[in-house]
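A.B. asks: All I have is the shape, not the residue letters:
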């Protein structure tokens, strides 16, 4: 090419812009810029001067990060003259974009927070800009960005707004939690909730058996040590009858409609008639897990029935390769006792003589024959013999495994299948270096032929202790509603949790993206597969689990035959039920 030729003007035809960009692409980009400017003017600024944007950005960032802003800090960070910044802030207060919240009872000092109006404006702005970007650049669901119309078709849950006034709780908000991955996410957000409530938060986390005992011990005190306690859903009847927890005032109007957002099975665990004794904070069914890559390698279909499960476990069990067929709760006490209850349900028989209702059983407010243990039933014997058979295809130390260890076996690549509650699945879903990461399928429990498949529902309700000081009840109830809100639930998931009790959160595009187990549980909830009757709500529930945990463990050690273990369990459970 000569010098003169190199200086010839380039054709403006399609495909020659910078040798990379077509005229069509550039036209789309220009259209995007024009629409972006229009959206920014109309949606974000709410008719206010553009110079307010830095103030709004700083205030929103601080809100999302749990950082407190005072008038001085907001003015200093705005980059504007103090007088100008002060006037702009006052204008935004007057226009309902910023709320002043007193920091002291005198009200002489206050903090600044975005109002729901400002938060909604930013969420709406984000939604519109993402839609514009998806249109302009053809971003799809396969990208790591949530751009594109399909994601935006589902409404996003807005961030948690600050409370207009602080909770008045001398000594702070005191919460008793279960020590699991779901509630650890709540602890990570402690600073943010402290800013939201305007008070300090003190958290105590205990293992499941210690937590159960601490709630009962707390109920015997003249005054509660805790403002809020988390109750396993199967403890609710015991805690209600022991007067350990008090009713939660039912909300009215739009707040009452908010209750319809909860999975109905989860809400039912906290309700007795028209009385609400807690608010669901975690809906965590036990699922059947399998390694999709291993099943594909062996050309196996995931098991639908218990006999299929045994066949798969037999084929995949390979101790020489360090791979067990299946992991399950075999440890003595609560772990194996719970496993046996759920396995009986997989054979179609509840541990008690519950009345049938549709495809399930009535499991609340039981009386009469419904309280009779059913450990002398044919289904109980089938379940016991099934566990004995499963020993051959399980890890060598399966009789020491409990909730975290059984899921950990699959997460570490030492098992092809496992049972696990969803609250423990961060061990897999949040660990990219796990062999099971993105290679795990989630299903309801395999069952005996003719038995509908279901996922036994576990989970937690936030409850108010009965002996809480009356002056604290109003503010504590408000805190409970906030901690179980859709916005808070979304925050937990964004910080490591994988459980939700709400339909709206399961459908949030940010939540659903990259978290298949959440969408799976939501589908099960809509299909009516989340069932609570495998662990019936009776005050003696923990006693029944303990008895089964002792008798079944002894049987699995081969110190009792299945018939003898079940005979002894039946007699002990009848005494526990007062029969």
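C.D. replies: Structure received. Remember, it's a predicted structure, so these values are computed and weren't measured experimentally.
A.B. asks: any idea of the mean pLDDT in stretch 238-247?
C.D. replies: For stretch 238-247, mean pLDDT is 96.
A.B. asks: So which bits of it are buried?
C.D. replies: Neighbour-count burial for stretch 238-247 flags 238, 239, 240, 244, 245, 246 (criterion: 16 or more other Cβ atoms under 10 Å). The C-beta positions use only the backbone N, C-alpha and C, and glycine is treated the same way.
A.B. asks: And those residues, which is closest to residue 462?
C.D. replies: Of all those, residue 462 sits closest to residue 245, with 9.9 Å by Cβ to Cβ.
A.B. asks: wait, what's in contact with the closest one?
C.D. replies: Counting by Cβ atoms under 8 Å, 6 or more residues apart in numbering, residue 245 makes contact with 229, 231, 239, 277, 278, 463, 464, 465, 466.
A.B. asks: wait, which of those residues is closest to residue 100?
C.D. replies: Distance to residue 100, by Cβ to Cβ, is smallest for residue 464 among the contacts of residue 245, at 29.8 Å.
A.B. asks: From the buried residues of stretch 238-247, which land in strands?
C.D. replies: Among the buried residues of stretch 238-247, the ones falling in strands (DSSP state E) are 245, 246.
A.B. asks: what does the strand or helix carrying residue 229 rub up against?
C.D. replies: Using DSSP states H and E, residue 229 sits in strand 228-232. Residues from elsewhere that reach strand 228-232 (Cβ under 8 Å, 6+ apart): 173-178, 183, 208, 211-212, 215, 218, 239, 245, 278, 281, 458-465, 476, 479-480, 483.
A.B. asks: Quick one: mean pLDDT for that strand?
C.D. replies: Regarding strand 228-232, the rounded mean pLDDT is 97.
A.B. asks: Relative to residue 345, how far out is the nearest residue to residue 118 once chain neighbours are set aside?
C.D. replies: Spatial nearest neighbour of residue 118, excluding adjacent residues (Cβ to Cβ, 6 or more residues apart in numbering): residue 97 at 4.4 Å. Applying Cβ to Cβ, to the nearest Å, the value for residue 97 to residue 345 is 53 Å.
A.B. asks: The longest strand belonging to the chain versus strand 228-232: what angle between them?
C.D. replies: With secondary structure taken from DSSP E, the chain has its longest strand at strand 279-291. Strand 279-291 runs at 40 degrees relative to strand 228-232, counting by axes from the mean of the first three to the mean of the last three Cα atoms, to 10 degrees.
A.B. asks: starting at the chain centroid, how far to the very next helix or strand once past strand 279-291?
C.D. replies: Next helix or strand after strand 279-291 toward the C-terminus (DSSP H and E): helix 292-297. Distance of helix 292-297 from the chain centroid (Cα atoms, centre = their mean, to the nearest Å) equals 28 Å.
A.B. asks: what's the answer for stretch 388-404, then?
C.D. replies: 27 Å.
A.B. asks: If we go by neighbour counts, what in that stretch is buried?
C.D. replies: Buried residues in stretch 388-404 (16+ other Cβ under 10 Å): 390, 393, 394, 395, 398, 399, 401, 402, 403.
A.B. asks: returning to that earlier point: name every strand pairing with the strand holding residue 229 and say which way it goes.
C.D. replies: Here strand 228-232 is paired, per DSSP bridges, with strand 173-178 (parallel), strand 455-465 (antiparallel).
A.B. asks: what's the most buried one of the ones you listed?
C.D. replies: When those are scored by mean count of other Cβ atoms under 10 Å, the highest mean neighbour count falls to strand 455-465 (a mean of 27).
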